[in-house]
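Return atomic coordinates for the entry below.
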Amino acid sequence: MARPDFHGIYPMLYALFGADGGLDRGAHAAQVEACIAAGVHGLAVGGLASECNKLTVEERHALADWTLQAAAGRVPVSVTVSDNTTGGQIETVRRAADAGAAWAVLQPPPVKSASEAALIEFFGTVADAAPIPVGIQNAPEYIGIGLSNAGLIELNRRHPNVTVLKAEGPVMTIARLAEEAGGALALFNGRNGIELLDSLRNGCAGMIPGVETCDVQSRIYDLHRAGEEDAADAAFREVLPLLHFLMSTVDHLLCYGKRLAARRIGLGAVHDRGPATAPHPAGMRTLEHWSRGLGRLGT
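Next up is the predicted model:
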């Protein structure tokens, strides 16, 4: 199977909750509109920044459905699948495909002792049944389990529908994987874009950052793709301290990144679903300092 041309900035949408503790569909639709207006190249939903570990199966499906309905085909949508069984993942991928998802990203089951052979079998079973291209989230630093480069390449060889990889890691990890994979996988890095340009220059097709700086990161990506490297570097230097502050841990990003995104979208108070990191005055002061030049998202 030919590698699909997925590329660019795909912000991972936040799960936004109302005061009643449930998902807020209106706020989610506003988030989708703001991201599209900001010039993103696609949207991602259902991953760690979407708090998939705090959502019921029905809520995860609802969040994907709302995203696809609000996007209405204007940009491609990637749906991350976090079900713990192959049957559950197959059902979720097929449901997302029927609703219009362009590709799916499979998370590994929460079995940290699983062998590489078992993971390849798990992912391969889902990929073979998937009607859309499939990617793997390989993020052992955040999930606690993953595949080696050799395992990822073998997975693609046995199951050609595995054509995308969300490989969250430092640039040297990305560079080695890109070299060894030889173009078989469309690589996306995450980590909120803290190595955006280095990742792109070393084999990544795109990034999956947070929502809060998706306009800035989309502009940097477009400058890079147009060959305007000096302008891309200058824009990246301006936002890097903010990205560095936000991406210390996923919980930290959920606390401060979500609040910055809500502010830039024009939403009201952020309601956390516990357990969650509570904002600290020092953290809010730091956030305000490094984001002081950022206005309304998408304007």
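
Relative to L13, how far out is the residue nearest to P76 when sequence neighbours are not counted?
Using Cβ to Cβ, 6 or more residues apart in numbering and skipping the chain neighbours, the partner closest in space to P76 is A102 (3.6 Å). For glycine as for every other residue, the C-beta is placed from the backbone atoms N, C-alpha and C. Distance, A102 to L13, by Cβ to Cβ, to the nearest Å: 15 Å.

Which one's more surrounded, the two?
Each of A102 and L13 has its neighbours counted (other Cβ atoms under 10 Å); L13 has more, 27 against 22.

residue contacts, that one?
Neighbouring residues of L13 by Cβ atoms under 8 Å, 6 or more residues apart in numbering: H28, Q31, V32, C35, L43, A44, V45, A49, S50, L63, T67, V211.

What of S78?
Applying Cβ under 8 Å, 6+ apart, we find S78 in contact with 6, 10, 42-45, 101-105, 135, 164, 208.

how about the helices in the stretch 51-200 of the chain?
57-71, 86-99, 116-129, 140-143, 149-158, 171-181, 196-201 (DSSP state H, counting those that start in this stretch).

Just put the ones you listed in TSV and tack on distance to D230.
Output for the helices of the stretch 51-200 of the chain, formatted as TSV (distance: least, Cβ to Cβ, whole Å):
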stretch	distance to D230
helix 57-71	33
helix 86-99	40
helix 116-129	41
helix 140-143	32
helix 149-158	33
helix 171-181	20
helix 196-201	11
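
Packing partners of the longest helix that the chain contains?
Assignment by DSSP state H gives helix 229-246 as the longest helix of the chain. Using 3 or more Cβ pairs under 8 Å, 6 or more residues apart in numbering; DSSP states H and E, the elements in contact with helix 229-246 are helix 196-201, helix 214-225, helix 281-290.

Please report the distance of L240 from L13.
23 Å.

hmm, I was thinking of S115
S115 is 33 Å from L13, where distance means Cβ to Cβ.

Could you do D98 as well?
From D98 to L13 the distance is 20 Å (Cβ to Cβ).

Point out the most buried one among the helices of the stretch 51-200 of the chain.
Each of the helices of the stretch 51-200 of the chain was scored by mean neighbour count; the highest is helix 196-201, a mean of 22, by mean count of other Cβ atoms under 10 Å.

Just list the residues touching G193, thanks.
I9, M207, P209, G210, T213, Q217, L243.

which one of those sits closest to D20?
Taking Cβ to Cβ as the measure, D20 sits nearest to G210 out of the contacts of G193, at 24.7 Å.
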